[in-house]
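Colleague: any chance you can model this:
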Amino acid sequence: MEIKILGPGCPKCKMLLKLTHDVVEQNGINASITKVEDIIDIMKYGIMSTPAVVVDEKVIIKGRVPSADELKELLLK
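Modeller: You can find the predicted model right below:
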């Protein structure tokens, strides 16, 4: 699984990146996580508000930081 965290580096983006690492590690999810900060790359996903989570090139969350439980549920689908 490939997870991308989209965001320019704001506090919410950093919080989401940490949360994603924690959820992946705690649940033994086999995934690579990358941070995308370039605004041109972010716009390619049609994102108008950050942060956002992209899993295998599909946007699953945008414009907010989810709870750990919600993120876990979405990643385990």
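
Colleague: hey, let's count contacts and neighbours off CA atoms from now on
Modeller: OK.

Colleague: identify the bridge partners of the spatially most central residue of the chain.
Modeller: Taking CA atoms, centre = their mean, the centroid of the chain lies closest to Val53, which sits 2.8 Å from it. Judged by DSSP bridges, the bridge partners of Val53 are Ile5, Ile61.

Colleague: now do the buried residues in the helix or strand of the chain with the lowest mean pLDDT.
Modeller: Lowest on mean pLDDT, DSSP states H and E among the helices and strands of the chain sits helix 39-43, with a mean of 94. By neighbour count on 16 or more other CA atoms under 10 Å, the buried set for helix 39-43 is Ile42.

Colleague: pull the CA atoms of it into PDB?
Modeller: Extracted in PDB, the C-alpha atoms of helix 39-43 (Å, rounded to 0.1, in the frame of the first residue of the first chain):
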ATOM      1  CA  ILE A  39       1.600  22.600  -4.400                       C
ATOM      2  CA  ILE A  40       1.600  21.600  -8.100                       C
ATOM      3  CA  ASP A  41       1.700  17.900  -7.200                       C
ATOM      4  CA  ILE A  42      -1.100  18.500  -4.600                       C
ATOM      5  CA  MET A  43      -3.300  20.200  -7.200                       C
END
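
Colleague: how about residues contacting it?
Modeller: Identification of contacts with helix 39-43 by CA atoms under 8 Å, 6 or more residues apart in numbering yields Leu6, Gly7, Pro8, Val36.

Colleague: who wins on neighbours among those?
Modeller: Leu6 (30 neighbours; other CA atoms under 10 Å).

Colleague: list the helices and strands the longest helix seen in the chain packs on?
Modeller: Longest helix in the chain, counting residues (DSSP state H): helix 11-26. If you count contacts as 3 or more CA pairs under 8 Å, 6 or more residues apart in numbering; DSSP states H and E, helix 11-26 packs onto strand 2-6, helix 68-76.

Colleague: quick one: it to strand 2-6, angle?
Modeller: 160 degrees (axes from the mean of the first three to the mean of the last three CA atoms, to 10 degrees).
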